[in-house]
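Asker: below is the structure, and that's it, no one-letter string:
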C-alpha cells in the first residue's frame, strides 16, 4: 500500500466553499487505485470515502488511478493515515 497527502490551496467550487482550503490523504494499492480517501478542511470538516462509502452529498472516492507524482503530494506513514482515518 502507498500513503500520501496533498494540500489543496483552493476553496471548493460549490456551496461549501466556505469550508476553506483542504488536505487530502490517500491509501492506494500496488495498481495505484485509491482504496481510501480523507479530506480535512480548514474549518474542521472531514470527509472519508472507501469501498463501503463511495460517495455522499459532499463528494466521493477518487476514480481511476492516482500516484504521489500525479498530485505533487507528500509521503506519509500508514500509521499517520490511520490516525486520521
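Answerer: Yes, it's here. Here the structure is a predicted model, which is why all the values come from computation and not from measurement. Numbering: from 1, shown residues only.

Asker: so where's the longest helix in the chain?
Answerer: In the chain, ranked by residue count with DSSP state H as the criterion, the top helix is helix 78-84.

Asker: in it, what counts as buried?
Answerer: Judged by neighbour count using 16 or more other CB atoms under 10 Å, the buried positions of helix 78-84 are residue 81. Quick note: C-beta positions are derived from backbone N, CA and C, even for glycine.

Asker: can you get me the start-to-end distance on stretch 60-68?
Answerer: 19 Å (CA to CA, to the nearest Å).

Asker: report the distance from it to the chain centre.
Answerer: Computed by CA atoms, centre = their mean, to the nearest Å, the chain-centroid distance of stretch 60-68 equals 9 Å.

Asker: contacts for it?
Answerer: With CB atoms under 8 Å, 6 or more residues apart in numbering as the contact definition, stretch 60-68 has outside contacts at 2, 4, 26, 28, 31-34, 37, 49-51, 53-55, 74-75.

Asker: which parts of this structure are strands?
Answerer: Ranges of strands in the chain, per DSSP state E, are 2-8, 22-28, 34-41, 46-49, 55-56, 59-60, 74-75.

Asker: buried members of the contacts of stretch 60-68 into PyMOL, please.
Answerer: Command for PyMOL that selects the buried part of those, burial taken from 16+ other CB under 10 Å:
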select buried, resi 2+4+26+28+34+37+49
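
Asker: can you pull the contacts of the nearest residue to residue 46 once chain neighbours are set aside?
Answerer: Leaving aside its sequence neighbours, residue 46 sits nearest to residue 40 (CB to CB, 6 or more residues apart in numbering; 5.2 Å). For residue 40, the set of contacting residues under the criterion of CB under 8 Å, 6+ apart consists of 22-23, 25, 46, 84.
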